[in-house]
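Chemist: return a 3D structure for these sequence lines:
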Amino acid sequence: MGIIMHRKREKSLFVRWVFGAPLIFAMGIPVVIADVCIEIYHHTVFPIFGLRMVRRGDYIRIMDREKLPYLTWYEKIACAYCAYVNGWFHYASVIAGRTESYFCAIAHLEERGYQPTEFEKSFAKYGDADTLMRRHARSTHDAA
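Modeler: Numbering: from 1, shown residues only. All right, here's what the predicted structure looks like:
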């Protein structure tokens, strides 16, 4: 009975990989396109407004897991793919967060279940016009 269960599990895993892997790896195409767009935005808008640039290498690390001797070659490829995609999402969210922090530093209304970003924790509280005006005055002064 143990061999039959093992074979069923292997077959199930194989079927999941046959159908799942192409969908997972196909998502790399829109991520690369979005990556190009974000880089154009980042390297154009940030210097115009004097925003501090985001270091890509602090968020995207592709080649470190390849050194792990216990991974197969295809696991190393999968790890590099995941490192790029997940690192890119983190990198893009920091670019978006710095943008939002500069242009619209108002925290969202705190409702049940809402998860604020790290950037939002420093924003003016929802409805606090005085703090927002002081923040805008500082930003305008810093940019001048």
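
Chemist: please count neighbours and contacts with C-alpha atoms only from this point.
Modeler: Noted.

Chemist: give me the low-pLDDT residue ranges for this protein?
Modeler: 1-11, 139-144 (pLDDT under 70).

Chemist: would you mind listing the buried residues in the lengthiest helix in it?
Modeler: Of all the elements of type helix in the chain, the one with the most residues (DSSP state H) is helix 73-103. Residues 76-77, 79-85, 87-92, 94-95, 97-99, 101-102 are the ones in helix 73-103 that count as buried (16 or more other C-alpha atoms under 10 Å).

Chemist: likewise stretch 114-131?
Modeler: 119, 120, 123, 124, 125.

Chemist: residue 31 versus the first one, what's the distance?
Modeler: Read that as residue 119. 23 Å (C-alpha to C-alpha, to the nearest Å).

Chemist: the third one now?
Modeler: In this structure, residue 123 lies at 29 Å from residue 31, with C-alpha to C-alpha as the measure.

Chemist: swap in residue 56?
Modeler: For residue 56 relative to residue 31 (C-alpha to C-alpha), the value is 15 Å.

Chemist: again with residue 25
Modeler: 10 Å.

Chemist: same question, residue 70
Modeler: In terms of C-alpha to C-alpha, residue 70 sits 28 Å off from residue 31.

Chemist: who has more neighbours, the two?
Modeler: Between residue 70 and residue 31, residue 31 has the larger neighbour count (other C-alpha atoms under 10 Å), namely 16 against 9.
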